[in-house]
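Chemist: structural data only, the sequence is not supplied:
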Ligand SMILES: [Zn+2]
């Protein structure tokens with residue numbers, strides 16, 4: 001039985017130029033910006049940075065405030 005530790009694990013493997021093959025990656029928080037968070041994907045084998053991802057406001061807001069699912073919808077007209 002495998003238990004999933006991270007529900008929002010998006011990129012599990014990326015090509016690593018150092019290892020010359022696709023490697024499992026680890027996501028870590030790089031920067032906290034006013035508009036969101038900058039995450040970095042690093043190779044679990046050689047720790048090379050393989051990519052970046054920006055987690056923007058709405059995702060964070062909905063994660064922190066799950067009490068009003070209807071009110072958190074995008075402002076669509
Ligand atoms: Zn690597």
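Modeler: That came through, no problem. This one's a predicted model, so the numbers in the text were calculated from it and none came from an experiment.
Chemist: contacts and neighbour counts: CA atoms only from here.
Modeler: Noted.
Chemist: show me what the longest strand along the chain is packed up against.
Modeler: Assignment by DSSP state E gives strand 21-33 as the longest strand of the chain. Contact analysis of strand 21-33 by 3 or more CA pairs under 8 Å, 6 or more residues apart in numbering; DSSP states H and E lists strand 13-16, strand 36-43 as its packing neighbours.
Chemist: save those as CSV, and put in distance to the ion and mean neighbour count too.
Modeler: Below are the helices and strands packed on strand 21-33 laid out as CSV (distance: least, CA to the ion, whole Å; neighbours: other CA atoms under 10 Å):
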stretch, distance to the ion, mean neighbour count
strand 13-16, 5, 18
strand 36-43, 5, 19
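Chemist: turn the ones you listed into TSV, columns for mean pLDDT.
Modeler: Compiled in TSV, the helices and strands packed on strand 21-33 are given as follows (pLDDT from 0 to 100):
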stretch	mean pLDDT
strand 13-16	94
strand 36-43	92
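Chemist: any chance of TSV for these, columns distance to residue 49?
Modeler: Listed next are the helices and strands packed on strand 21-33 as TSV, based on distance: least, CA to CA, whole Å:
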stretch	distance to residue 49
strand 13-16	9
strand 36-43	4
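Chemist: for the ones you listed, which one sits closest to residue 50?
Modeler: strand 36-43 (5.4 Å; CA to CA).
Chemist: who does that closest one pair up with?
Modeler: strand 21-33 (antiparallel), strand 49-56 (antiparallel) (DSSP bridges).
Chemist: average pLDDT across the first one?
Modeler: The predicted model gives strand 21-33 an average pLDDT of 92.
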